[in-house]
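1. Okay, sequence plus prediction incoming.
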Amino acid sequence: MSSPTPAAPLQLDPDRLLPADPVRREIARRLHAQVSGLPILSPHGHVPAAWLAHDTPFGDPTSLLITPDHYVTRMLHAQGVHLGDLGVGTTLDADGSRRAFRSLCENWSAYRGTPVRYWMQVQLVELFGVDVRPSADTADEIHDRIAATLATPQFRPRALFERFGVEVLATTDDPCDDLADHRLLAHDPTFTGRVLPTFRPDRYLEVGAPDWNDHADRLHEVSGIDTGDFRGFLAALQDRRDHFRAHGAVSADHSHVDVRTDKLDAGTAADLYALARKGELAEAEATTLRRHLLWEMARMSSEDGLVMTLHPGVCRDHHGPTAREFGKDVGADIPVQVEFTRALRPVLEDFGTNPGFQLVLFTLDETTFSREIAPLAGFYPAVHVGAPWWFLDAPDAIGRARAAVTETAGFSKSSGFIDDTRAFCSIPARHDMARRLDAVHLSTLVADGRLEEDEAAETIVDLVTRNPRKAFRL
């Protein structure tokens, strides 16, 4: 009888993502070495504060590595795996968790060439010590190894937070959240990191949504301010912004299908709001009021100092049956074309040179980087270029964005890397990927005689440390 074929090894190339050209590779190695051990600043993400506040051990490999990561689940769904079988919208028992992990391993080849494969492979090797390639034959072995590791004190959330070198981690929070978990962390002398809430008011600005009146009522309940008229509604939103600032928030995050910020006169805005409260607002009127509300959010940011971040251009919940079965935001969002220059002119006319206002622009439409976002950042003091985000946070797209932006806006107006993730264990892999890619871009400038290496070394440190601190007022 022949012996079984050994499993293929799982390894990491120490020079992964660095240039093949030996001259540039050596430069990139030196530049990456400048930042490889620096702390992580993560000013935009979705890891729940409760994980760190209560330091609850992670339950199993699937609930940690698969279920919360839309990048992972959407690609498995594309291969025919049911989202419910991955724990989306439900709770899996032990057998279900193991089956979900097998689905990942059986479909490992589907991730070839994707950043998801890159991040997952780094996690498996560097964090969990996995040395065999995921497959149908190795799924249970890998699952059990990770499960055993998660049962140790070194793999509780706070221990990993410290191991990852996270200095600042921002969450994303509903305006009506009491932020109790953030209070626990802020007053816990045993926790030395910074976990900041982020004000995310999208559902309160989408006045045409069927459940919008419920959110306006909830805003009244939590703030204690009557939201029956437009003046009260704005006052209630400001009250909640103040609540977030008191709990350490540094930014307000916004995502709508566009970024138009059309300003209305006070009477028109009040009339449209009254119609919305009655449920009598037409679709076009709802869009008009939402665009004005975004202008109001910019006004508030110019006054209270919360950095305004915009990431538009997404058709949310593209597949209706999936949204009805599993709820919103489960990975069925698809990018659409977006425009910034004319859309943002009203708000930049009013606040673009206001020293109290700071705006970070993200996009899923990479054609806008060189055409619109970089030129805006290259003129307006308030505007910063957000990192390639969601569908663009991949090696080639990051490289294209850096080249597209730098020639017009330079390095100093970029935000630094944004991981934008619920997948806690992927944070170090994502940030290191960005640092390697910045080393690649800078190595090209040095090798081409366009930048001295000492300046490149200073720049890459700025991209990791100074830029995010400046862009997000950390």
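-> Nice, I can see it.
2. Just want the most central residue of the protein.
-> Nearest to the geometric centre of the chain sits Asp420, at 1.5 Å (Cα atoms, centre = their mean).
3. pretty sure that one contacts Pro43?
-> No. Counting by Cβ atoms under 8 Å, Asp420 does not reach Pro43; the two are 10.2 Å apart. Backbone N, C-alpha and C define where each C-beta goes, glycine included.
4. residues touching the closest residue to Glu372 other than its chain neighbours, list them.
-> Closest residue to Glu372 apart from its sequence neighbours, by Cβ to Cβ, 6 or more residues apart in numbering: Phe340 at 4.3 Å. For Phe340, the contact set (Cβ atoms under 8 Å, 6 or more residues apart in numbering) comprises 259, 361, 363, 368, 372-373, 376.
5. Could you list which of those residues belong to helices?
-> 368, 376 (DSSP state H).
6. Highest neighbour count among the contacts of Phe340?
-> Of the contacts of Phe340, Ile373 is surrounded by the most neighbours, 28 neighbours in total, counting by other Cβ atoms under 10 Å.
7. need the contact list for the closest residue to it other than its chain neighbours.
-> Sequence neighbours aside, Leu361 is the residue nearest to Ile373 in space, at 5.1 Å (criterion: Cβ to Cβ, 6+ apart). Neighbouring residues of Leu361 by Cβ under 8 Å, 6+ apart: 259, 309-310, 340, 373, 376-377, 383-386.
8. Ok, Arg158 next?
-> 52, 55, 191.
9. Need these in CSV (columns: neighbour count, pLDDT and secondary structure).
-> Below are the contacts of Arg158 laid out as CSV (neighbours: other Cβ atoms under 10 Å; pLDDT from 0 to 100; DSSP: H, G, I helix; E, B strand; the rest coil):
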residue, neighbour count, pLDDT, secondary structure
Leu52, 26, 97, helix
Asp55, 16, 96, coil
Phe191, 17, 96, coil
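10. Which one of these is nearest to Ser302?
-> Of all the contacts of Arg158, Leu52 has the smallest distance to Ser302: 31.7 Å, by Cβ to Cβ.
11. Now for that closest one: which residues touch it?
-> 157-158, 161, 169, 181, 185, 191, 193, 195.
12. rerun at 6 Å
-> 157-158, 195 (Cβ atoms under 6 Å, 6 or more residues apart in numbering).
13. Would you format the contacts of Arg158 as CSV with distance to Thr444 included?
-> Formatted as CSV, those follow (distance: Cβ to Cβ, whole Å):
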residue, distance to Thr444
Leu52, 39
Asp55, 43
Phe191, 41
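14. what are the ranges of the strands in this protein?
-> 40-42, 166-170, 194-196, 251-254, 307-310, 314-315, 334-335, 359-361, 383-385 (DSSP state E).
15. can I get those in a markdown table with distance to Asp448 and mean pLDDT?
-> Shown next, in a markdown table, are those (distance: least, Cβ to Cβ, whole Å; pLDDT from 0 to 100):
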| stretch | distance to Asp448 | mean pLDDT |
| --- | --- | --- |
| strand 40-42 | 29 | 98 |
| strand 166-170 | 34 | 98 |
| strand 194-196 | 39 | 97 |
| strand 251-254 | 36 | 98 |
| strand 307-310 | 33 | 98 |
| strand 314-315 | 36 | 88 |
| strand 334-335 | 32 | 90 |
| strand 359-361 | 28 | 98 |
| strand 383-385 | 22 | 98 |
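16. Export those as CSV, with columns for distance to Glu325.
-> Listed next are the strands of the chain as CSV, based on distance: least, Cβ to Cβ, whole Å:
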stretch, distance to Glu325
strand 40-42, 31
strand 166-170, 30
strand 194-196, 32
strand 251-254, 27
strand 307-310, 30
strand 314-315, 18
strand 334-335, 18
strand 359-361, 34
strand 383-385, 37
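17. Among those strands, which comes closest to Arg240?
-> Of the strands of the chain, nearest to Arg240 by Cβ to Cβ is strand 251-254, at 10.2 Å.
18. on that earlier part again, in terms of pLDDT, where does the residue nearest to the centre of the chain sit?
-> Asp420 is assigned a predicted lDDT (pLDDT) of 92.
19. Could you report the distance from it to Arg430?
-> 9 Å (Cβ to Cβ, to the nearest Å).
20. Tell me where the stretch 151-300 of the chain has helices.
-> For the stretch 151-300 of the chain, the helices defined by DSSP state H, counting those that start in this stretch occupy 157-164, 180-186, 202-205, 212-223, 230-246, 266-278, 283-304.
21. count of residues packed around the residue nearest to Arg203 when sequence neighbours are not counted?
-> Spatial nearest neighbour of Arg203, chain neighbours left out: His215 (5.2 Å); criterion: Cβ to Cβ, 6+ apart. By other Cβ under 10 Å, 21 other residues sit near His215.
22. Ok, the one 5 residues further on next?
-> His220 has 16 neighbours, counted by other Cβ under 10 Å.
23. Ala246 too?
-> Neighbour tally, Ala246, other Cβ under 10 Å: 10.
24. Equivalent analysis for His187, please.
-> 8.
25. dump the residue contacts of the residue lying closest to Gly356 once chain neighbours are set aside.
-> With sequence-adjacent residues excluded and distances taken as Cβ to Cβ, 6+ apart, Gly356 is closest to Ser302, at 4.9 Å. Contact analysis of Ser302 by Cβ under 6 Å, 6+ apart lists 351, 354, 356-357.
26. And the furthest pair within those?
-> Longest span within those, Cβ to Cβ: Phe351 and Gly356, 8.0 Å.
27. out of these two, which sits in the more crowded spot?
-> Phe351 (23 against 11).
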